[in-house]
Each structure stands twice: as structure tokens, then as C-alpha cells.
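Q: 3D, please:
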Amino acid sequence: MGVTYDYFIGWRQLSGESYITSYRTSNDYQIGLLGKISKPIRLSEKLVLEPEVKFNYMIKPLGRFYVGAGLVVKYLL
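A: Here you go, the predicted structure:
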């Protein structure tokens, strides 16, 4: 469990063509809570595979909810 803080500092297209003529957000920042569920799976003595699901609830000012999934590979030195 943790806290997230997102701050919008601007947007610039680095390569390719862009068809967006303008972008404006009503909020420069968002504050939320982040939680993660994961299960480490030991593949060998030094190699660990860890699938995870993340939940992020943006409290201020939007009230949006995000869900994400990931796969982490860890090599123990």
C-alpha cells in the first residue's frame, strides 16, 4: 500500500506526426492510493518470477480507478 502523486508538467511530441491540436487538463496534479498483489515464484536458486496486479485509486481531484498487471523477473546477486 502506498501513496501516488502525479503532476502534469506539459506535453511535447518527440518524434513522428501528431494530430492533436491542443491538450488541456483541468487539474495539474492527482493524489491517489496504490495497492499491489503479487506472488513470487522461485524458478531456481537465483531466479524469481513475480506476477502482479496493481490497483490505483485517484482520490483528489478525480475519483478514478486504474488497474494494471505486470510480470517482474528478479535475479538475485
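Q: and the longest strand belonging to the chain, which residues are buried?
A: When the chain is scanned for its longest strand (criterion: DSSP state E), the result is strand 47-60. For strand 47-60, burial by neighbour count (16 or more other CB atoms under 10 Å) applies to 56, 58. All C-beta atoms are positioned from the backbone trio N, CA, C, and that covers glycine.
Q: the helix or strand just after it - contacts with which helices or strands?
A: Using DSSP states H and E, the helix or strand that follows strand 47-60 towards the C-terminus is strand 65-75. With contacts taken as 3 or more CB pairs under 8 Å, 6 or more residues apart in numbering; DSSP states H and E, strand 65-75 sits against strand 47-60.
Q: tell me the strands beside the strand it packs on, with direction?
A: Counting by DSSP bridges, the strands paired with strand 47-60 are strand 29-38 (antiparallel), strand 41-42 (antiparallel), strand 65-75 (antiparallel).
Q: how about that strand as CSV, C-alpha atoms only?
A: What follows is strand 47-60, C-alpha atoms only, in CSV (Å, rounded to 0.1, in the frame of the first residue of the first chain):
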residue,chain,number,x,y,z
LEU,A,47,15.8,-16.5,-10.4
VAL,A,48,12.4,-15.4,-9.3
LEU,A,49,9.3,-14.7,-11.4
GLU,A,50,6.7,-12.4,-9.8
PRO,A,51,3.3,-11.8,-11.5
GLU,A,52,1.5,-8.8,-10.0
VAL,A,53,-1.8,-6.9,-10.2
LYS,A,54,-1.8,-3.2,-9.2
PHE,A,55,-4.8,-1.0,-8.1
ASN,A,56,-4.6,2.8,-8.1
TYR,A,57,-7.5,4.9,-6.8
MET,A,58,-7.1,8.6,-7.6
ILE,A,59,-8.6,10.4,-4.6
LYS,A,60,-8.0,14.1,-5.4
